[in-house]
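A.B. asks: make a model of this:
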Amino acid sequence: MNYISTRGNQEKKTFWQGVLQGLAPDGGLYVPEELPSIDFHDYVDLDYRDLAVEVLSLFVDPEDRDKIKSCVLRGYKNSFFKENLIDLHQEEDFSVLELYHGQTAAFKDFALALLPQFMKEASKEKLLILTATSGDTGKAAMEGFKNVEGIDIVVFYPHQGVSEIQYLQMATQEGDNTHSLAIQGNFDDAQRGVKELFLDQDLKSHLEKNQVHLSSANSINIGRLLPQCIYYIYAYLQLVKKGTLTYGDKLDVVVPTGNFGNILAGYLAQKMGLPLGDFVCASNKNNVLSDFLETGVYDINRPFFKTSSPSMDILVSSNVERFLYFLTGDAKKVKKLQEDLAQKGRYEVDQDLKDKMASWHGYFAQEEEVQEEICRIYREKNYLMDPHTAVASLCYQKYKRDFAPQGHALILSTASPYKFPHTVLKALGQEGDWTDKEAIDHLADLTGKEVPSVIRNLWVKTQKPEEVISCQEMKKIVEKIGDGE
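C.D. replies: Next up, the predicted model:
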């Protein structure tokens, strides 16, 4: 199993090399040279860990199966599953896949519990992990990497561009090897800055003097993306075991989408053989993705909005590049499109590519619609959604209106509603001058829904002061951390 760049640098890498490098030398993203073909029906009785071992082992050379098993057992140790880590809330025509019962109350836990183990297995050198976050990746990455020997992690997030609880999770993060810094700008600025650092040869030479190797924990890293395929497979097989689906039935998926990694993982599972149907890409007011899927034009020349679903406040969704590569298999075409995006802020795909996206549908939700959907679902079904999940729920309603699907759908729920208590309370008609902790307590009293312990315990931890820097200062900060300062 070899890995190559989406932009045509055909120097083949192993999985472990791709994980360590993060970004390919030509600026592209690593993809498997070919995807395995799997009859997932054979896996229906496996638990989550065994399923992860079976699937992920197919993405490495056969002799590395024991390495994958070791990584899974270390990353998904018993304490990781101490609560009901993955849950399906089922309604008549759809199920909600709750992915927020882990250590950071967000779906990123599943991949970021494994990535540090992959990296530790892959390298005996010192590693410096650089990551941009729009909210949830930062905490999940730092939690996964905390106190891992030989690895430092630096997280960049947009100043005042994450929720208060997301900020507090990063500010209270333990571990001497974890660093979080606020960027003057939005997530796209942070993500672009991180990519530029990876391509900076002066920085690379500076770090190599200290025998420090750069890598990434963002979903541009292939070691982040592949573990996300597992929960799609697991959810489908659980619905088969429950009798909701007969194996082979098409399951439509609806995913609140920011950087396009989560929904892309579902697409990879489908390409490997999982019987998924249509993909509904759900966007907030920053609707660059829904526009792209409906028109074939990716255009970032538009206003940027801060919304109640901050993890989706993104205009440049990195994993779209992998999507284009899997659709076309044409690295030259992908490279040209990415160059157009960098130079002109837009590109348009040809009709052949549009035809290949026929089973993909993009919808978006305005802010007031998100509020209405949180309220509607709670009033009608006594079910509490965070704003990201509400975006997906509303977009599913719009998809049903347009296509009247006959089968079952899976809505991915990516964060606990208690990470956004003010937004949820406002949707339920409750507004007040509360602190976050007071808002959480009020929401719990109002709904009777349990507060996750990882959120409830935030207020008893020591909080680090926030450090705000410009994008131009990112390199200097990384050099200092690489020097051990």
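A.B. asks: keeping just the C-alphas, turn the lengthiest helix in the chain into CSV.
C.D. replies: Across the chain, the longest stretch assigned as helix under DSSP state H is helix 222-242. Taking Å, rounded to 0.1, in the frame of the first residue of the first chain, the C-alpha atoms of helix 222-242 are listed here in CSV:
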residue,chain,number,x,y,z
ILE,A,222,-3.7,11.0,6.1
GLY,A,223,-3.4,9.5,9.7
ARG,A,224,-6.3,11.8,10.7
LEU,A,225,-8.5,11.0,7.8
LEU,A,226,-8.5,7.2,7.6
PRO,A,227,-9.7,6.5,11.2
GLN,A,228,-12.8,8.6,10.5
CYS,A,229,-13.9,6.0,8.0
ILE,A,230,-14.5,3.6,10.9
TYR,A,231,-17.4,5.2,12.5
TYR,A,232,-19.4,5.3,9.2
ILE,A,233,-18.8,1.5,8.9
TYR,A,234,-19.6,0.9,12.5
ALA,A,235,-22.9,2.9,12.4
TYR,A,236,-24.0,1.2,9.2
LEU,A,237,-23.4,-2.3,10.7
GLN,A,238,-25.2,-1.3,14.0
LEU,A,239,-28.2,-0.3,11.9
VAL,A,240,-28.1,-3.7,10.2
LYS,A,241,-27.9,-5.4,13.6
LYS,A,242,-30.9,-3.4,14.8
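A.B. asks: check which residues of it are buried.
C.D. replies: By neighbour count with 16 or more other Cβ atoms under 10 Å, helix 222-242 contains the buried residues 222-240. Just so you know, the C-beta spots here come from the backbone N, C-alpha and C atoms, and that holds for glycine as well.
A.B. asks: what do you get for stretch 368-379?
C.D. replies: Applying 16+ other Cβ under 10 Å to stretch 368-379 flags E369, V370, Q371, E373, I374, C375, R376, I377, Y378 as buried.
A.B. asks: distance from the centroid: which residue in the protein tops it?
C.D. replies: Taking Cα atoms, centre = their mean, the residue of the chain most remote from its mean C-alpha position is K209, at 32.9 Å.
A.B. asks: surely K241 and D47 touch.
C.D. replies: No. With contact defined as Cβ atoms under 8 Å, K241 does not reach D47; the gap is 11.8 Å.
A.B. asks: so S216 bridges to which residues?
C.D. replies: Counting by DSSP bridges, S216 is bridged to L130.
A.B. asks: what segments of the stretch 101-250 of the chain are strands?
C.D. replies: 126-132, 151-158, 178-183, 212-216 (DSSP state E, counting those that start in this stretch).
A.B. asks: let me have those in JSON lines, extended by mean neighbour count.
C.D. replies: Shown next, in JSON lines, are the strands of the stretch 101-250 of the chain (neighbours: other Cβ atoms under 10 Å):
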{"stretch": "strand 126-132", "mean neighbour count": "24"}
{"stretch": "strand 151-158", "mean neighbour count": "25"}
{"stretch": "strand 178-183", "mean neighbour count": "22"}
{"stretch": "strand 212-216", "mean neighbour count": "22"}
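A.B. asks: need those strands in JSON lines with mean pLDDT and distance to K480, can you?
C.D. replies: Formatted as JSON lines, the strands of the stretch 101-250 of the chain follow (pLDDT from 0 to 100; distance: least, Cβ to Cβ, whole Å):
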{"stretch": "strand 126-132", "mean pLDDT": "92", "distance to K480": "11"}
{"stretch": "strand 151-158", "mean pLDDT": "94", "distance to K480": "10"}
{"stretch": "strand 178-183", "mean pLDDT": "95", "distance to K480": "10"}
{"stretch": "strand 212-216", "mean pLDDT": "88", "distance to K480": "12"}
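A.B. asks: contacts only, for L99.
C.D. replies: L99 sits next to I86, A106, F107, D109, F110, Y231, L412, S413, T414 when contact means Cβ atoms under 8 Å, 6 or more residues apart in numbering.
A.B. asks: could those residues go into CSV alongside pLDDT and distance to L20?
C.D. replies: Listed next are the contacts of L99 as CSV, based on pLDDT from 0 to 100; distance: Cβ to Cβ, whole Å:
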residue, pLDDT, distance to L20
I86, 87, 28
A106, 89, 25
F107, 92, 24
D109, 90, 22
F110, 93, 21
Y231, 97, 25
L412, 98, 29
S413, 98, 32
T414, 95, 27
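A.B. asks: so which of those belong to helices?
C.D. replies: Residues of those located in helices (DSSP H): D109, F110, Y231.
A.B. asks: count the neighbours of E367 for me.
C.D. replies: E367 has 16 neighbours, counted by other Cβ atoms under 10 Å.
A.B. asks: sorry, that was for Q351
C.D. replies: Counted with other Cβ under 10 Å, residues neighbouring Q351 total 8.
A.B. asks: what's the answer for the one 3 residues further on, then?
C.D. replies: K354 is surrounded by 15 other residues when neighbours are defined as other Cβ under 10 Å.
A.B. asks: ok, Y234 - contacts?
C.D. replies: Contact partners of Y234, counting by Cβ under 8 Å, 6+ apart, are Y48, L51, I86.
A.B. asks: as TSV, the residues you listed with neighbour count and distance to T435 would be great.
C.D. replies: TSV is the format used below for the contacts of Y234 (neighbours: other Cβ atoms under 10 Å; distance: Cβ to Cβ, whole Å):
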residue	neighbour count	distance to T435
Y48	19	36
L51	20	41
I86	20	31
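A.B. asks: in strands, which of these appear?
C.D. replies: If you go by DSSP state E, these have nothing in strands.
A.B. asks: from those, pick the one nearest E164.
C.D. replies: Closest to E164 out of these is I86 (26.6 Å), distances taken as Cβ to Cβ.
A.B. asks: which residues touch the closest one?
C.D. replies: I86 neighbours (Cβ under 8 Å, 6+ apart): Y48, L97, E98, L99, H101, Y231, Y234, A235.
A.B. asks: least confident of these?
C.D. replies: On pLDDT alone, H101 ranks lowest of the contacts of I86, at 91.
A.B. asks: so which strand or helix has K69?
C.D. replies: When secondary structure is defined by DSSP states H and E, K69 falls within helix 65-75.
A.B. asks: let me know the next secondary structure element after that helix.
C.D. replies: Going down the chain from helix 65-75, the next helix or strand is strand 87-90, by DSSP H and E.
A.B. asks: now that following strand, how far from the centre of its chain.
C.D. replies: Computed by Cα atoms, centre = their mean, to the nearest Å, the chain-centroid distance of strand 87-90 equals 20 Å.
A.B. asks: partners of that strand in the sheet?
C.D. replies: Each strand paired with strand 87-90, and its direction, by DSSP bridges: strand 94-98 (antiparallel).
A.B. asks: flag every buried residue along the strand it pairs with.
C.D. replies: Buried residues in strand 94-98 (16+ other Cβ under 10 Å): F94, S95, V96, L97, E98.
A.B. asks: which residues does it contact?
C.D. replies: Contacts of strand 94-98 with the rest of the structure, by Cβ under 8 Å, 6+ apart, involve 86-90, 231, 235, 239, 244, 254, 383, 385, 389, 396, 408-413.
A.B. asks: pull the number of nearby residues for the nearest residue to G144 once chain neighbours are set aside.
C.D. replies: Excluding its sequence neighbours, the residue lying closest to G144 (Cβ to Cβ, 6 or more residues apart in numbering) is L112, at 4.1 Å. Residues within reach of L112, counting by other Cβ under 10 Å, total 29.
A.B. asks: all set now, cheers.
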